[in-house]
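Engineer: Can you look at this prediction? I've put the sequence above it.
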Amino acid sequence: MSLDPLTVGIVGCGLLILLCVLGVRIAFSAAIVGAFGLVAITGWGPGLKTAGIVPHASVVNYTLSVLPMFILIGYLAYYAGITQAAFEAARRWLGWLPGGLAIATVYAVAGFSAVSGANTAAAAVFAKVAIPEMLKAGYNKRLAAGVVAAGATLDSLIPPSALLVVYGIITEQSVGKLLVAGFAPGLFSALVYTAIILIMCWRNPAYGKPIRGYTWPQRVSSLPGTFPIVLVIAIIFCSMLWGWATPTEAGALGAACVLVIALANRMKWPELRGALLETAKLTAVIFTVVWGVLIFVRFLGFAGLPEQLATWVTGLKVAPIWILLAIYVVYLILGTILEGVGMFLLTLPVVFPVIEALGYDPIWFGIILVKLNGIATLSPPVGLVVFVVNGVRPDISVSDIFRGIWPFIFADIITIACLTAWPEIVTFILDQAG
Amino acid sequence: MMGDGSAALAAAHRYWSRLEDGMNLIAAAAIFVLMFIGVFQIVGRTAFDTAIYGYIDYMEQASALFAFLGIAYAQRTGAHIRMDLLLRGVSKRFLWAMELFAVLVALVIVTVLVETTFENFLRAYQLGDSTIDIKLKTWPTKLLVPFVLAVLWLRLVLQAADYARLVAHPEAPPIAVPVIETIEVQARHEIEEALGREENRGREENRGREEKRS
């Protein structure tokens, strides 16, 4: 008895989920199901031959070489001396607002998190730098801890973003467009956080008082400290917007600039070597998932599952917005238990054709997914960022930090709602650039 | 525990780790060189209106170095992405048994891929397959894939042997395998890494200031 390809595809998806849940590494789960799925549909010889072609064919690709550059920027950023300087500048410029220190923290942590590409590291550093300052100024401890954890999750929208590159790879969308499109929603998210903090501190001034007394010369003198963050974001963003360079070239230039700044900050050879080795490891991890999943994608293609699913979904007598909202919920749940890169690579081969069939903009959807992943990163049961903040500040309990992030999760939901209602927030810069 | 193969496993783990470290180092060097090439390409194009001959082809073939060479190193250090939520908080023997299962699944697919990727190399070698622009031969990077997967294969064998030993003796110390961390321990490691770098920075900056004063 032979099964039809569609049934093999459905069984394959079930097996993949089972293997992942049992703890098999995603790359190997996807590769084994994909390879034997290809065998089941096309026979031993052709199936294994296809599986053997994919690893080399899929990753020996110029577009993918941007990833190690972005990862390298992140590891070098630690040595560029930007954390304290970024917080100081944000404090001097924004401290006068109600809840000013918390607002300053949003922008400083988001900037460092974007450049370093690691929300947990950003949360750890700013829990040490910003929380003591806020508590000393009498800020509510839940607000102080919540703003650090939440601000750190803005990393994936603002360029350079490795997660947006992964989305671009798997959905075959322009990485340059995605990097440009992420900037405005990243800024928009920070503005919504600002609004939430302002409302909280306006309703209850004891939450966080304004910090006044900085003169204009003091403010201006703090700006050079933010130079590395502004430089990296500007290089990537402007290169992509005006087509000056490919994403890899822009990433290389950004990494070289951060390297020069880090060397000027007395980075030593063992630190540079360590940063390069960590970059190589993380690069291998992402590329392995990419080729593993692409074997699975090849199998899904032979099974015809994505097309069938897209046809079925578009035939449903339900408004597309409800399907979209259901997809949001699935990603919010998945994101709490699965790391972003793995989640994107595992789900997008099936979900993306549905989104295209429903007529949604692929670039816009990528930004939405990255934002949803940011919310999920904060949420229980895992919420690693929250545990990191608690690890640095054991005097603020995990439950207090989880309570502290609720206003920001609410802010993120408002952001998602706005981005869904007005997709132009995502696409207007691209439209302007033509 | 000596005499049950632990010593041999530890020695094999140690020697294989050196090879994996060396391969990851080559990948790191490739990334570093790639950064300079990218900068040269931009500077050359904008300032001198010239480009590196065969830039895309070279970059594509070189990307095989950092795409594949760190794979066994990442497996050794437990870095490959997985969903381990259900494995936290279970009994040690059950955990080791599940880890053994996960490694054996990986071993099956890597065994298959060592052979099929080698055939892919052979086809490229026999047909003289080359890149589009400057006709670079593709077989060297295609040969790299089965080689790297073979290194990974032996790492998986070592890990399977260690997990099998741990299933038999759940309280024995792990030799050749990474250990799953609780969320709290994982968070602590993230903090140590991030703050360790920051504190080193702070110390360096203070030392610099003191040197300037003196």
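Structural biologist: That came through fine. Numbering: from 1, shown residues only, chains lettered A, B, ... in the order given.
Engineer: which residues are in contact with stretch B:109-128?
Structural biologist: A:28, A:31-32, A:35, A:48-49, A:51-53, A:55-56, B:129, B:137-139, B:142-143, B:145-146, B:149-150, B:152-153, B:156 (Cβ atoms under 8 Å, 6 or more residues apart in numbering or on different chains). For glycine as for every other residue, the C-beta is placed from the backbone atoms N, C-alpha and C.
Engineer: longest single helix anywhere in the chain?
Structural biologist: This is for chain A. Secondary structure of chain A per DSSP state H: the longest helix is helix A:269-303.
Engineer: The chain in question should be chain B.
Structural biologist: Every helix in chain B considered (DSSP H), the longest is helix B:6-48.
Engineer: Does chain A have contacts with that helix?
Structural biologist: Yes: using Cβ under 8 Å from any Cβ of the partner chain as the criterion, contacts between helix B:6-48 and chain A involve B:24-25, B:27-32, B:34-39, B:41-42, B:46.
Engineer: Write the ChimeraX selection for whichever of the residues you listed are buried.
Structural biologist: Of the residues of helix B:6-48 next to chain A, the buried ones can be selected in ChimeraX as follows, counting by 16 or more other Cβ atoms under 10 Å in any protein chain shown:
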select /B:24,25,27,28,29,30,31,32,34,35,37,38,39,41,42
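Engineer: Could you tell me how many residues sit around whatever residue of the stretch 1-150 of chain A ends up closest to chain B?
Structural biologist: Residue nearest to chain B within the stretch 1-150 of chain A: A:G52 (2.6 Å; Cβ to the nearest Cβ). Residues contacting A:G52 under the criterion other Cβ atoms under 10 Å in any protein chain shown number 26.
Engineer: What is the neighbour count of the residue lying closest to it once chain neighbours are set aside?
Structural biologist: Among residues not flanking A:G52 along the chain, B:T116 sits closest, at 2.6 Å (Cβ to Cβ, 6 or more residues apart in numbering or on different chains). A count of neighbours around B:T116, defined by other Cβ under 10 Å, yields 22.
Engineer: just A:P205 next, same as before
Structural biologist: 12.
Engineer: A:P380 too?
Structural biologist: 11.
Engineer: One more: A:I363?
Structural biologist: Counted with other Cβ under 10 Å, A:I363 comes out at 22.
Engineer: can you map out the strands along chain B?
Structural biologist: In chain B, no segments count as strands under DSSP state E.
Engineer: Centroid-nearest residue for it?
Structural biologist: B:G70 (2.8 Å; Cα atoms, centre = their mean).
Engineer: mind checking pLDDT for it?
Structural biologist: For B:G70, the pLDDT comes out at 95.
Engineer: and what of A:V148?
Structural biologist: Confidence score, pLDDT, at A:V148: 92.
Engineer: My guess is it contacts A:A123. True?
Structural biologist: Yes: at 5.7 Å, A:V148 and A:A123 qualify as touching, with contact defined as Cβ atoms under 8 Å.
Engineer: Overlap of the contact sets of the two?
Structural biologist: A:109, A:389.
Engineer: so what's the residue most central in space within chain A up against?
Structural biologist: In chain A, the C-alpha nearest the mean C-alpha coordinate belongs to A:S156, at 2.8 Å (Cα atoms, centre = their mean). Residues in contact with A:S156 (Cβ under 8 Å, 6+ apart) are A:119, A:162-164, A:182, A:340, A:370, A:373-374.
Engineer: wait, isn't A:V180 in contact with A:S239?
Structural biologist: No: in this structure A:V180 lies outside contact range of A:S239 using Cβ under 8 Å: 9.6 Å.
Engineer: which SS class is the residue of the stretch 1-150 of chain A closest to chain B?
Structural biologist: helix (DSSP: H, G, I helix; E, B strand; the rest coil).
Engineer: any weak-confidence spans in chain B?
Structural biologist: B:1-3, B:196-214 (pLDDT under 70).
Engineer: ok so, going back, the contacts of A:S156 in helices, which ones?
Structural biologist: Short answer: the contacts of A:S156 in helices (DSSP H) are A:119, A:162-164, A:182, A:340, A:370, A:373-374.
Engineer: Closest one to B:S63 out of those, please.
Structural biologist: B:S63 lies nearest to A:A162 out of the ones in helices among the contacts of A:S156, by Cβ to Cβ, at 15.4 Å.
Engineer: ok, now which ones touch the spatially closest residue to B:S6 that is not a sequence neighbour?
Structural biologist: Using Cβ to Cβ, 6+ apart and skipping the chain neighbours, the partner closest in space to B:S6 is B:I175 (6.3 Å). Counting by Cβ under 8 Å, 6+ apart, B:I175 touches B:6, B:9-10, B:13, B:162, B:165.
Engineer: Tabulate these in JSON lines, adding columns for neighbour count.
Structural biologist: Below are the contacts of B:I175 laid out as JSON lines (neighbours: other Cβ atoms under 10 Å in any protein chain shown):
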{"residue": "B:S6", "neighbour count": "18"}
{"residue": "B:L9", "neighbour count": "17"}
{"residue": "B:A10", "neighbour count": "14"}
{"residue": "B:H13", "neighbour count": "18"}
{"residue": "B:D162", "neighbour count": "25"}
{"residue": "B:R165", "neighbour count": "22"}
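Engineer: Most widely separated two among those residues?
Structural biologist: Counting by Cβ to Cβ, the most remote pair of the contacts of B:I175 is B:H13 and B:R165, 11.9 Å apart.
Engineer: Now for the closest residue to A:A31 other than its chain neighbours, how many residues are close by?
Structural biologist: Spatial nearest neighbour of A:A31, chain neighbours left out: A:G292 (4.0 Å); criterion: Cβ to Cβ, 6+ apart. Neighbour count for A:G292, taken as other Cβ under 10 Å: 31.
Engineer: what sits against A:G292?
Structural biologist: With contact taken as Cβ under 8 Å, 6+ apart, A:G292 is in contact with A:26-31, A:34.
Engineer: Dump those into TSV; add pLDDT and secondary structure as well.
Structural biologist: As requested, these are arranged in TSV below (pLDDT from 0 to 100; DSSP: H, G, I helix; E, B strand; the rest coil):
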residue	pLDDT	secondary structure
A:I26	89	helix
A:A27	92	helix
A:F28	96	helix
A:S29	94	helix
A:A30	93	helix
A:A31	96	helix
A:G34	95	helix
